[in-house]
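J.: Output the structure for:
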Amino acid sequence: MTAARKKPEELRSARWFAPDDLRSFGHRSRTKQAGFSAQDWSGKPVIAILNTWSDANSCHAHFRLRAEEVKRGVWQAGGFPLEMPVLSLGEVYMKPTTMLYRNLLAMEAEEILRSNPIDGVVLMGGCDKTVPALLMGATSVNLPALFLPAGPMLRGNWRGQALGSGTDEWKYWAERRAGRLDECSWREMEDGFARSFGTCMTMGTASTMAAAAEALGMTLPGASSLPAADSGHARMASASGRRIVEMVWEDLRPADVLTKEAFENAVTVVLALGGSTNAVIHLIAMAGRAGVPLGLDRFDALSRRTPLLANVRPSGQYLMEDFYYAGGLRALMARVLDLLHTGAATVNGLSLGENVAGAEVCNEAVIAPRERPLGEEAGLAVLRGNLAPDGAVIKYAAMESRLMRHTGPAVVFRDYDDLERRIDDPALPVTPDSVLVLQNAGPLGAPGMPEWGMLPIPKKLLAQGVRDMVRISDARMSGTSYGACVLHVAPESFVGGHWRWWRRATSSSSTYPRARSS
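T.: Residues are numbered from 1 along each chain as shown. Here you go, the predicted model:
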């Protein structure tokens with residue numbers, strides 16, 4: 001039985017435009033001031049386009065054009081589009097971390113929608129924190145909403161080698177610090193790393209959260225892995241504009257989509273992708289906005305049953321462009337369909353199972369089959385113990401396996417400034433077996449929990465050929481990074497957490513827990 005469609009007089013925006021009173025006179029006259037006539041908006045859904053474009057956010061450089069393409073779709077479907085700029089959280093420039101401002105963007109998105117004559121919204125984001133922030137704001141206001149991911153940039157290139165943003169940056173910077181990469185090569189890489197607009201083309205936080213948004217049901221099918229520079233991305237923008245108008249008439253809202261089953265789908269997909277550890281923090285926050293219980297232990301339980309299938313850096317070999325042409329997220333979800341809640345609703349009005357139907361993997365080197373996974377388990381573990389009684393996370397799929405069980409002396413840095421001062425000091429008492437510990441890098445201590453958790457390897461050890469060490473902190477790390485990094489240690493040192501334990505331990509050896517130990 002088809003649900004009753006809204007009538008024009010039932011539109012939320014009609015409360016601004018329809019009454020015969022002084023306030024509505026003002027609304028109508030000022031809309032005409034912008035060059036629109038009553039025929040443009042009368043009886044039509046008003047669609048907000050929340051645009052996070054900024055000159056200071058190169059990942060979103062194409063959003064000026066994409067907003068116009070979304071508008072085209074809105075007009076085609078009989079809606080009235082209003083583009084509204086909101087805070088752009090660009091990972092490239094903002095210090096100490098965009099994490100300080102994620103909730104600020106969420107609040108801005110919520111309030112700009114709540115206070116204006118909006119019936120539905122297309123959310124335009126992509127760079128790490130913009131995805132959870134926009135979805136959190138839309139969840140709170142609960143108007144019909146659809147997310148349009150920015151899409152990954154084209155693969156990088158240096159002398160015929162494919163480069164992945166972040167992942168290869170850390171890799172070759174280590175070689176440069178070790179004296180094995182010359183200045184000329186380094187500058188050539190700098191020119192070839194980011195060849196187009198779009199987000200990181202590795203499975204960093206941006207690609208991870210875009211995939212999570214699609215698995216949640218908040219994007220059109222296939223939107224999350226579509227490269228930003230592909231002409232299909234422009235078509236996806238217009239399709240999103242057309243669909244949001246229909247969502248308003250159907251009164252399909254985030255509360256109808258963001259269920260417990262939807263969040264479990266998102267977690268499972270993130271795990272099968274070898275996604276960013278930052279997804280743990282963001283998905284828990286997003287679930288909280290939706291009133292869905294989701295904790296660390298659920299991530300751990302789902303990780304144990306979910307195979308790692310995406311051979312994408314930093315956990316694998318390939319890049320997002322390869323992933324898209326191998327079948328993209330729909331194809332990957334088809335391979336774990338038995339682990340998903342296929343009846344979960346999505347913004348196109350179909351179930352997740354219906355959206356995935358018919359998807360095929362075109363390259364099994366990029367998206368592995370279930371019988372030959374890259375890992376029997378997803379490669380993300382939750383750790384607990386006397387060091388982290390409230391939990392910590394590690395992405396062990398992206399570390400050297402020899403470090404899965406490790407004992408070594410702790411080398412402790414009080415904060416990031418202390419780390420910078422001493423990490424390359426030839427007199428630093430560090431060996432390849434040492435455990436590097438960074439304190440005061442959490443939400444309060446840093447503040448903002450920056451991506452400092454991928455502590456650099458000391459230069460003298462790089463010269464010896466060391467490329468991975470056990471590193472522990474209350475910080476986050478970039479989703480594009482890799483290594484034996486224990487992150488999000490809680491409670492953080494600033495509030496009396498692990499620093500007390502380490503103060504007792506620094507004069508003796510310390511034991512790094514196995515990835516699956518309790």
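
J.: can you pull the contacts of the residue nearest to the spatial centre of the chain?
T.: The residue lying closest to the centre of the chain (C-alpha atoms, centre = their mean) is residue 209, at 2.9 Å. Counting by C-beta atoms under 8 Å, 6 or more residues apart in numbering, residue 209 touches 128, 131-132, 276, 278-279, 282. Where you see a C-beta, it was placed from the backbone N, CA and C, and this is true even at glycine.

J.: Secondary structure element holding it?
T.: Using DSSP states H and E, residue 209 sits in helix 205-216.

J.: pLDDT averaged over the next helix or strand after that helix - what is it?
T.: Per DSSP H and E, the first helix or strand lying C-terminal to helix 205-216 is helix 231-250. For helix 231-250, mean pLDDT rounds to 98.

J.: Flag every buried residue along helix 231-250.
T.: In terms of neighbour count (16 or more other C-beta atoms under 10 Å), helix 231-250 has its buried residues at 233-234, 236-250.

J.: One more: stretch 449-459?
T.: Those would be 449-459, for stretch 449-459 by 16+ other C-beta under 10 Å.

J.: Keeping just the C-alphas, turn it into PDB.
T.: C-alpha atoms of stretch 449-459 as PDB (Å, rounded to 0.1, in the frame of the first residue of the first chain):
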ATOM      1  CA  MET A 449      42.100  14.700  19.600                       C
ATOM      2  CA  PRO A 450      44.200  15.500  16.500                       C
ATOM      3  CA  GLU A 451      45.600  13.000  14.100                       C
ATOM      4  CA  TRP A 452      48.900  12.600  15.900                       C
ATOM      5  CA  GLY A 453      48.600   8.900  16.700                       C
ATOM      6  CA  MET A 454      50.900   7.800  13.800                       C
ATOM      7  CA  LEU A 455      54.000   8.900  15.700                       C
ATOM      8  CA  PRO A 456      57.000   9.200  13.300                       C
ATOM      9  CA  ILE A 457      59.700   6.500  13.500                       C
ATOM     10  CA  PRO A 458      62.900   8.100  15.000                       C
ATOM     11  CA  LYS A 459      65.300   9.100  12.200                       C
END
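
J.: who's in contact with it?
T.: 96-97, 99, 170, 174, 177-178, 281, 413, 416, 419, 423-424, 428, 430, 436, 438, 441-443, 446, 466-469, 471, 473-478, 481-483, 485, 487-488.

J.: Is residue 407 in a helix, a strand, or coil?
T.: strand (DSSP: H, G, I helix; E, B strand; the rest coil).

J.: and it, how many residues sit next to it?
T.: Residue 407 has 11 neighbours, counted by other C-beta atoms under 10 Å.

J.: cool, and residue 141?
T.: Around residue 141 there are 18 residues (other C-beta under 10 Å).

J.: Check residue 425 too.
T.: So residue 425, with other C-beta under 10 Å, has 12 neighbours.

J.: Next: residue 426.
T.: 7.

J.: OK, contacts around the spatially closest residue to it that is not a sequence neighbour?
T.: Excluding its sequence neighbours, the residue lying closest to residue 426 (C-beta to C-beta, 6 or more residues apart in numbering) is residue 460, at 6.0 Å. By C-beta under 8 Å, 6+ apart, the residues touching residue 460 are 424, 426, 428, 430.

J.: and the helix or strand encompassing residue 281, what's its mean pLDDT?
T.: Under the criterion of DSSP H and E, residue 281 resides in helix 278-289. The average pLDDT within helix 278-289 is 98.

J.: these two touch, right, residue 244 and residue 121?
T.: Yes - checked against C-beta atoms under 8 Å, the pair residue 244 and residue 121 is within contact range at 7.1 Å.

J.: what sits in contact with each of those two?
T.: In contact with both residue 244 and residue 121: 47, 144-146, using C-beta under 8 Å, 6+ apart.

J.: Okay, and which of those residues map to strands?
T.: Members of the shared contacts of residue 244 and residue 121 lying in strands (criterion: DSSP state E): 47, 145-146.

J.: burial of residue 429, as a residue count?
T.: Residue 429 has 8 nearby residues by other C-beta under 10 Å.

J.: ditto for residue 36
T.: By other C-beta under 10 Å, neighbour count at residue 36 equals 14.

J.: And the strands in the stretch 301-450 of the chain, which stretches?
T.: In the stretch 301-450 of the chain, the segments counted as strands under DSSP state E, counting those that start in this stretch are 380-383, 392-395, 406-413, 435-438.

J.: Generate a markdown table for the contacts of residue 209, with distance to residue 200 and neighbour count as supplementary columns.
T.: Formatted as a markdown table, those follow (distance: C-beta to C-beta, whole Å; neighbours: other C-beta atoms under 10 Å):
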| residue | distance to residue 200 | neighbour count |
| --- | --- | --- |
| 128 | 9 | 30 |
| 131 | 13 | 33 |
| 132 | 16 | 28 |
| 276 | 10 | 31 |
| 278 | 12 | 27 |
| 279 | 14 | 27 |
| 282 | 15 | 25 |
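
J.: What is the nearest of those to residue 319?
T.: Closest approach to residue 319 among those (C-beta to C-beta): residue 276, at 15.0 Å.

J.: got a list of what the closest residue to that closest one other than its chain neighbours touches?
T.: Nearest residue to residue 276, sequence neighbours excluded (C-beta to C-beta, 6+ apart): residue 479, at 2.6 Å. Each residue near residue 479 by C-beta under 8 Å, 6+ apart is listed here: 128, 166, 200, 202-208, 275-279, 314.

J.: do that again at 7 Å, thanks
T.: Counting by C-beta atoms under 7 Å, 6 or more residues apart in numbering, residue 479 touches 203-205, 208, 275-278.

J.: what does residue 335 give?
T.: 309, 361, 367, 369-370.

J.: Also residue 482?
T.: Residue 482 touches 167, 314, 398-399, counting by C-beta under 7 Å, 6+ apart.

J.: Could you pick out which of these are located in helices?
T.: Residues from the contacts of residue 482 lying in helices, with DSSP state H as the criterion: residue 167.

J.: Would you agree residue 478 falls within a helix?
T.: No - Residue 478 sits outside any helix when classified using three-state DSSP, being coil.

J.: Name the nearest residue to it, sequence neighbours excluded.
T.: Nearest to residue 478 is residue 451, by C-beta to C-beta, 6+ apart, at 4.7 Å.

J.: which SS state does the one you found fall under?
T.: coil.

J.: Quick check: pLDDT value at it.
T.: At residue 451, pLDDT is 96.

J.: Return the backbone torsion pair for it.
T.: Backbone torsions of residue 451, given as degrees, to the nearest 10, read phi -90, psi 70.

J.: on that earlier part again, are any of the contacts of stretch 449-459 buried, and which?
T.: For these, buried by 16+ other C-beta under 10 Å: 97, 99, 170, 174, 177-178, 281, 413, 416, 419, 423, 428, 430, 436, 438, 441-443, 446, 466, 468-469, 471, 473-478, 481-483, 485, 487-488.

J.: before we move on, the earlier item: who touches the helix holding residue 281?
T.: In contact with helix 278-289 (C-beta under 7 Å, 6+ apart) are residues 128, 132, 135-136, 139-140, 205, 208-209, 212, 263, 266-267, 270, 294, 299, 393, 476, 479.

J.: Equivalent analysis for stretch 11-27, please.
T.: Here stretch 11-27 has contacts from 8-9, 28, 41, 45-46, 117-119, using C-beta under 7 Å, 6+ apart.

J.: what's the span of stretch 286-301 from first residue to last?
T.: 19 Å (C-alpha to C-alpha, to the nearest Å).

J.: any idea of the mean pLDDT for stretch 339-349?
T.: 98.

J.: Please apply the same query to stretch 320-336.
T.: 98.

J.: Dump the shared contacts of residue 244 and residue 121 into CSV; add distance to residue 374 as well.
T.: What follows is the shared contacts of residue 244 and residue 121, written out as CSV (distance: C-beta to C-beta, whole Å):
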residue, distance to residue 374
47, 41
144, 38
145, 34
146, 32
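
J.: What subset of the residues you listed is buried?
T.: 47, 144-146.

J.: Closest one of those residues to residue 375?
T.: The closest of these, once distances to residue 375 are taken by C-beta to C-beta, is residue 146, at 33.3 Å.
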